[in-house]
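Participant: here is my input, please return the structure:
(2 chains)
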Amino acid sequence: MTEFEVVIGIEVHAQLKTKTKLFSTAANNFGDDVNTNVTPVCLGMPGALPVLNKKAVEFAITAGLALDCEINLTSVFSRKNYFYPDLPKGYQISQFDLPICGLGHLDIDVDGVTKRIGITRIHMEEDAGKLLHQGADGIAGSTHSLVDLNRAGTPLIEIVSEPDMRSASEAKAYMVALREIVQHMGVCDGNMDQGSMRADANVSIRPVGQKEFGTRAEVKNLNSFRSLERAINVEVKRQKALILSGGTVIQETRNYDDATQSTTSLRGKADAHDYRYFPEPDLPPLIVTQDWFKTIKEALPEHPVAKRERYASELGLSQFEIKVLMGDIETDTYFNAAILVNTEIAPKEICKWVVGDINALLKETESSFSKTKLSSAHLAEMVDLILKGTISGKMAKDMIGKMAETGDAPAKLVDSMGGAQISDEGALLEAVKAVLDANLDVIEKIKNGKKQAAGFLMGQVMKATKGKAKPDLVSKLIFEEVKKR
Amino acid sequence: MSVKELSSKLKNRELKAVDLAMATFSKIEATESDLHSFISLRKEAALLQADSIDAKLDKGEELSPLAGIPITIKDNMNLRGEKTTCASKMLENFVSPFTSTAVQNLMDAGMVVVGKANMDEFAMGSSTENSAFGPSKNPWDLTRVPGGSSGGSASAIAAGQVPVSLGSDTGGSIRQPAAFCGISGFKPSYGRVSRYGLVAFASSLDQIGPFGRSVEDIAYVTEGLCSHDVHDATSVPAPAPQLVSALTKDVRGLRIAIPKELFSDEIDDGVKGPVYAALDVLKAKGAIVEEVSMQALVASIATYYIVAPAEASANLARFDGVRYTSRIKDAANLTEMFTKTRGQFFGKEVKRRIILGTYALSSGYYDAYYIKAQKARTLIKQSFDRVFANFDVVISPTTPSAAFKFGEHANSPDKMYIADLCTIPANMAGLPALSVPCGFDNGMPVGLQIIGKSFDEATVLRVGDAYQAFTDFHLAKPEAYA
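Facilitator: Below is the predicted model:
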C-alpha cells in the first residue's frame, strides 16, 4: 500500500479594519443596510477614480512586518479583469507582479513542536460586493439576484503561504496563528463568521519520498477553522481514492460544502479565467518613503510572540490564561483595558476573573467582552474591593452576574447585596466563639489531628454571618480559639 | 468676441450674463439643425446660473474673468443631474450623480455650461461619425467631418455657437478637430487637469482641454481648469500655472525643432505648405528652426492602438447591464445579459477597440503586444527628452490632411487611424500640445501643432499666441456662420 504525504499551501484573504474603503471614502462597515456604504467609486460609475487609502497600506506593511516579510517600498496595483455582477468596474484592483510584501514566515505550534511555514507574498486588493439570491438559499433555484455593493472596495490583504504544511491540523494551526497575528497587530478583526478572514487551500498528495509535488486542487470557501480542517481531510481522501483506483488528480478549483462535507469541481484548468492583468493606469506605483516606513515601524503594535513572553515573564500569567487571552482579541483587549484602570492591582488578579468567571458567564449568556455591560473599569474596581477585603471572592462571583446584567458599579452593588464583608476581628470573634461553643465535639476532632473538620466550623460561621465573614480571617480565628480551649 | 472682451463687458455691466446666455442659445437654435454640435442643452439651468452671476456682478463682487462666459462641455464629462451619454446607446439614459472636477472648477469660476457636445462614441474616432446620435458637421463644409472625437466641441466654436468649449484628448481628440474646424485647441500636460468625472477611454493618455478661437481664450480657460485634485491620483500636486500673463507675443531666440518623421510622405503637401509658411513667420520674428529626427515616433500609431484599446477594454467593462447602463430585456442567463447588452448597445468602433485591447492583454500575447508597446512608449518619451534638451518646442502639422468627407474612411479604420499620426506622440509622452489654424488647403483649414515640455504650458501658449499676433488665420470664419 502506497503511503502518501499531504502537501498544503494556503491563501488567506483578510479584510483590513480601516475606517474607509481601499479606494474611496465610503465607510468600511459590516452589516449596514444594503447599498448605503457606497460612493460613485464603489459603484463603478463612469468617470469615478480610485484614490489609495494610506491606512490600508500601513496595515498591509504592519502585517508584513509581523510575518517577517520583505517589504517592497515600491509596489504596483494591477487590474484583474473579469465580469461578475458583484464586481462593479469589471475588474478588481489588485497587486500582481509587484506586491507590497515578499518572502516571510510564520512559526506554528503543532502538538508542542514548532514548525516554520514560509510566506510567499502579501498583496493588497479590493473586495467585491455580494449577491443576494432571491427565492432560494443559494444561486441554485433562485428566481433572481440583487447586488449589495457595501462590501465592494473593502481593503483586503491576501497572504499566500508556501506549500509547507503536511496535514490538516498543521493547516489549522497555521490559520490560528495567522489570525492571532492579524488580530493582535490590529489590522483585521479576524471574524471568520462574518467573512473578515477567508481561506482557500491548495491541496495535493504525493507518494512518501517523491520530490515533485502532486497535481493540486484549490479548495475554496473555507470560512472556519473547522471547515478548513474538514475540507482538507475530505479532499485528501478523495485524491487518495482517485489515485489508488488508477485515476489522476487534475488541476482544478473545487468548492467545499460543509453541509455535505464534500468538495465539488467549480472549474478545470481549461476553464481557468484569463484575467488579463495589467498595471492600473489610474494609480501611480505605490512608493513608501523611508520616512513613512520608519513611522510605520515605530508604531508597530506588540507582536503576539513578544506578548506571550511578556504575559508569562512579566505578568506571571499561566499558559492556560495566556492561551485564552491570545485566542480571542476581545478578551485580550478587555484584559489590557482592565489592568490599566488601577496599576496597583497585579494583572494576574484581574486575569483570573477575565479568563475564569467572566469568560464563563459571557459564554453562558451568549454575550462577549465587547458587548457586556460589565466594564473593564468595574472589574478593576471589584478586584480592588476583594484585595482590600471589602468583599469576599464568593460575593464577587455573585456580583459579576449582577454587574453584567445591570452595568452597575461594584460599590453600589456592595450595599444592595447586603453590605460589605465582615473583616472586623472583634465582631467575627463573637461569631466564632458562639459556633465553637455549640460544637465542642468538632473541637475535639481538630485537636486529635483532623484539621479538615475546621471546614465545618467555617461553614457554620459563614452561615451565621450570611456569607459576609472574611474567610481567611475566620479560619485564623477558629484555629487560634481551638488552641486556647 | 474674445473671452477678454466679453469678460470686460460683463464686468462693467455693458452686457448681462443672462443676455449673453440667451444670445448663445439663440445662435445655437439657429444653427444646430445643420451642425448637430450638441447632444443635450441645459437652457434653464444655464440661465439660472447666468442670473446668479449677474447678481454678483451687480453687487460689484470681484469675480474670475471667466464669470458669465458660456461654455459647452464634451458629453463624456459628468455634470450632476445631467445626462452623460458619451454618444453611446449604452449610456443613453444615464444621469450623473456627480460633477467632474474640471467642470466644477469652471463653474466655480462662474462659467455657464450651456450644453453637452457631440463626440465619437466613448471618444473613439476622428470624425464624430461614431456618435450613436448622428455626426456633427464641419461649419466650413457641411459635407465634411469636424474631426473627432471632440467634434461637437470644435464645430460649436467654429460656427460661433459658443465662445469656448471643453474636449478631451487621448490621441488627438482636441487638436485634430481644432485643426479641421480652423480653431485653437489645447491638450495640457498629463496630470495638469483632473480626470475625475471624465469617462475614461485610455486612462494613461486622456486629458481634458479647451477649444477657443484664440490662444488667449484658451489661456483663460486653462487657468480655470487646472488644479490639484485629491480625487485623481494622477493629478499633479502643483498650483495652476499663470498662463495669460505668459502671453508676451515674443518668440525671439525661441528654439523650434521640426521632426522630419512628422513631415513624412503621409502628410499632404496642401498641409505641409501652410505649416512651413507658419515656421517662416516665426523665424522672421526671431525664432530658430531646426530639423531633427525622432525615429521613435514612427511607431506612434502602432503603439497607441495597443495601449489605448488595452486600457479601454478594462475601462469599458463597467458597462455591463448590471447597474446604470442600458440593458437588454430578454436575457436567459447572466452571460447572455452581459454579452447581449454589450453587443447591442456598443457601436462598431467601440467593440472593435474592446476586442483589440482584450486580445493585446491576453495571456500569450501580453508580452508581444502590451509590454512591447510600453517599451515603444518609453522610447517616444526619451526621444522627446533628448529633443527638449536643446529645444523649447516641437512643431509639426496637426493632421496629415484637412477635414475629409463623411464616409470617406468608413470602410478602412486604418486610414481613419492615420488622422492621429502627428497628435499621438504628445499623449504618449504626456506633453502639452496646441493646435492653431495656419492656413487652408482647398478652402479647408489646416492646423499647426506646437508641443512643449512637460508642464511648460506657458511656453506652448506663448508661441501660439505670438503666432496669432503675427497672423490672422484664427480670425477667419466659415462664411455661413460669420
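Participant: what's near enough to touch the residue in the stretch 251-400 of chain B positioned nearest to chain A?
Facilitator: Proximity of the stretch 251-400 of chain B to chain A (Cβ to the nearest Cβ) peaks at residue B:317, 2.4 Å away. Heads up, the C-betas are built off the backbone N, CA and C, glycines and all. Residue B:317 sits next to A:81, A:83, A:89, A:90, A:91 when contact means Cβ atoms under 8 Å, 6 or more residues apart in numbering or on different chains.
Participant: excluding its backbone neighbours, what's nearest the second one?
Facilitator: Right, residue A:83. Of all residues not flanking residue A:83 in the chain, residue B:338 sits nearest, at 5.3 Å (Cβ to Cβ, 6 or more residues apart in numbering or on different chains).
Participant: and stretch A:424-442, which residues are buried?
Facilitator: A:428, A:431, A:432, A:435, A:436, A:439, A:442 (16 or more other Cβ atoms under 10 Å in any protein chain shown).
Participant: convert that stretch to CSV, retaining C-alpha atoms only.
Facilitator: What follows is stretch A:424-442 as a C-alpha-only set of coordinates in CSV (Å, rounded to 0.1, in the frame of the first residue of the first chain):
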residue,chain,number,x,y,z
ASP,A,424,-13.6,43.3,61.9
GLU,A,425,-11.8,40.8,64.2
GLY,A,426,-13.8,41.7,67.2
ALA,A,427,-17.1,41.2,65.5
LEU,A,428,-16.1,37.9,64.0
LEU,A,429,-14.6,36.6,67.2
GLU,A,430,-18.1,36.7,68.7
ALA,A,431,-19.5,34.6,65.9
VAL,A,432,-16.6,32.1,66.1
LYS,A,433,-16.9,31.7,69.8
ALA,A,434,-20.6,31.1,69.5
VAL,A,435,-20.1,28.4,66.9
LEU,A,436,-17.3,26.7,68.9
ASP,A,437,-19.5,26.7,72.0
ALA,A,438,-22.2,24.9,70.1
ASN,A,439,-19.7,22.3,68.5
LEU,A,440,-17.5,21.0,71.2
ASP,A,441,-17.2,17.6,69.5
VAL,A,442,-15.7,19.2,66.5
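Participant: so what's the residue count around the residue nearest to residue B:25 when sequence neighbours are not counted?
Facilitator: Leaving aside its sequence neighbours, residue B:25 sits nearest to residue B:43 (Cβ to Cβ, 6+ apart; 5.6 Å). Residue B:43 has 15 neighbours, counted by other Cβ atoms under 10 Å in any protein chain shown.
Participant: show me the residue at the heart of the chain, geometrically.
Facilitator: I went with chain A, as the question did not name one. residue A:328 (4.2 Å; Cα atoms, centre = their mean).
Participant: my question was about chain B, not that one.
Facilitator: residue B:174 (2.2 Å).
Participant: mind splitting chain A into its structural domains?
Facilitator: A:4-290, A:302-416, A:425-484 (automatic domain parsing).
Participant: nearest to residue B:385, of those?
Facilitator: Smallest distance to residue B:385 across the domains of chain A (Cβ to Cβ): 19.0 Å, for domain A:4-290.
Participant: what helices and strands are in contact with whichever helix in chain A runs longest?
Facilitator: Looking across chain A with DSSP state H, the single longest helix is helix A:225-244. For helix A:225-244, the elements it packs on are strand A:4-15, helix A:168-184, strand A:197-207, strand A:217-222, strand A:252-257, strand A:262-268, judged by 3 or more Cβ pairs under 8 Å, 6 or more residues apart in numbering or on different chains; DSSP states H and E.
Participant: related to what we said a few turns ago, alpha carbons of the helix or strand hosting the residue nearest to residue A:83, as PDB, please.
Facilitator: Using DSSP states H and E, residue B:338 sits in helix B:334-345. Presented in PDB, the C-alpha positions along helix B:334-345 are these (Å, rounded to 0.1, in the frame of the first residue of the first chain):
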ATOM      1  CA  LEU B 334     -26.100  36.100 -16.700                       C
ATOM      2  CA  THR B 335     -23.600  35.600 -19.600                       C
ATOM      3  CA  GLU B 336     -26.300  36.400 -22.000                       C
ATOM      4  CA  MET B 337     -27.200  39.600 -20.100                       C
ATOM      5  CA  PHE B 338     -23.500  40.700 -20.400                       C
ATOM      6  CA  THR B 339     -22.900  39.700 -23.900                       C
ATOM      7  CA  LYS B 340     -26.200  40.800 -25.500                       C
ATOM      8  CA  THR B 341     -26.200  44.100 -23.600                       C
ATOM      9  CA  ARG B 342     -22.700  44.900 -24.700                       C
ATOM     10  CA  GLY B 343     -23.300  43.600 -28.200                       C
ATOM     11  CA  GLN B 344     -26.400  45.700 -28.700                       C
ATOM     12  CA  PHE B 345     -25.600  49.000 -27.000                       C
END
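Participant: name the helices or strands packed onto it?
Facilitator: Helix B:334-345 packs on no helix or strand, going by 3+ Cβ pairs under 8 Å, 6+ apart.
Participant: could you dump the contacts of residue B:317 to CSV with distance to residue A:252 and pLDDT?
Facilitator: Shown next, in CSV, are the contacts of residue B:317 (distance: Cβ to Cβ, whole Å; pLDDT from 0 to 100):
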residue, distance to residue A:252, pLDDT
A:81, 21, 97
A:83, 21, 96
A:89, 28, 98
A:90, 25, 98
A:91, 24, 98
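Participant: what's the farthest-apart pair in these?
Facilitator: A:83 and A:89 (10.4 Å).
Participant: dump the domains of chain A into TSV; add distance to residue B:383 as well.
Facilitator: Shown next, in TSV, are the domains of chain A (distance: least, Cβ to Cβ, whole Å):
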stretch	distance to residue B:383
domain A:4-290	21
domain A:302-416	51
domain A:425-484	90
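Participant: any idea which of the ones you listed has the lowest pLDDT on average?
Facilitator: Ranked by mean pLDDT, the domains of chain A end with domain A:425-484 at the bottom, a mean of 82.
Participant: in chain B, what helix or strand scores lowest on average pLDDT?
Facilitator: Ranking every helix and strand in chain B by mean pLDDT, DSSP states H and E puts helix B:413-418 at the bottom, with a mean of 80.
Participant: list the buried residues in that helix.
Facilitator: By 16+ other Cβ under 10 Å, the buried positions in helix B:413-418 come out as B:413, B:416, B:417, B:418.
Participant: and stretch B:20-27, by the same measure?
Facilitator: Result for stretch B:20-27 [16+ other Cβ under 10 Å]: buried residues B:20, B:21, B:22, B:24, B:25, B:27.
Participant: show only the entries of those found in helices.
Facilitator: Filtering the buried residues of stretch B:20-27 for helices - DSSP H - leaves B:20, B:21, B:22, B:24, B:25, B:27.
Participant: what about the longest strand in chain A?
Facilitator: In chain A, assigned by DSSP state E, the strand with the most residues is strand A:113-126.
Participant: what are the buried residues along it?
Facilitator: Those buried within strand A:113-126 under the rule 16+ other Cβ under 10 Å are A:117, A:119, A:120, A:121, A:122, A:123, A:124, A:125, A:126.
Participant: returning to what we had before: also near chain A: which of the buried residues of helix B:413-418, exactly?
Facilitator: Applying Cβ under 8 Å from any Cβ of the partner chain to these, one finds that nothing falls near chain A.
Participant: show me where the stretch 201-350 of chain B has its strands.
Facilitator: B:208-212, B:255-259, B:288-292 (DSSP state E, counting those that start in this stretch).
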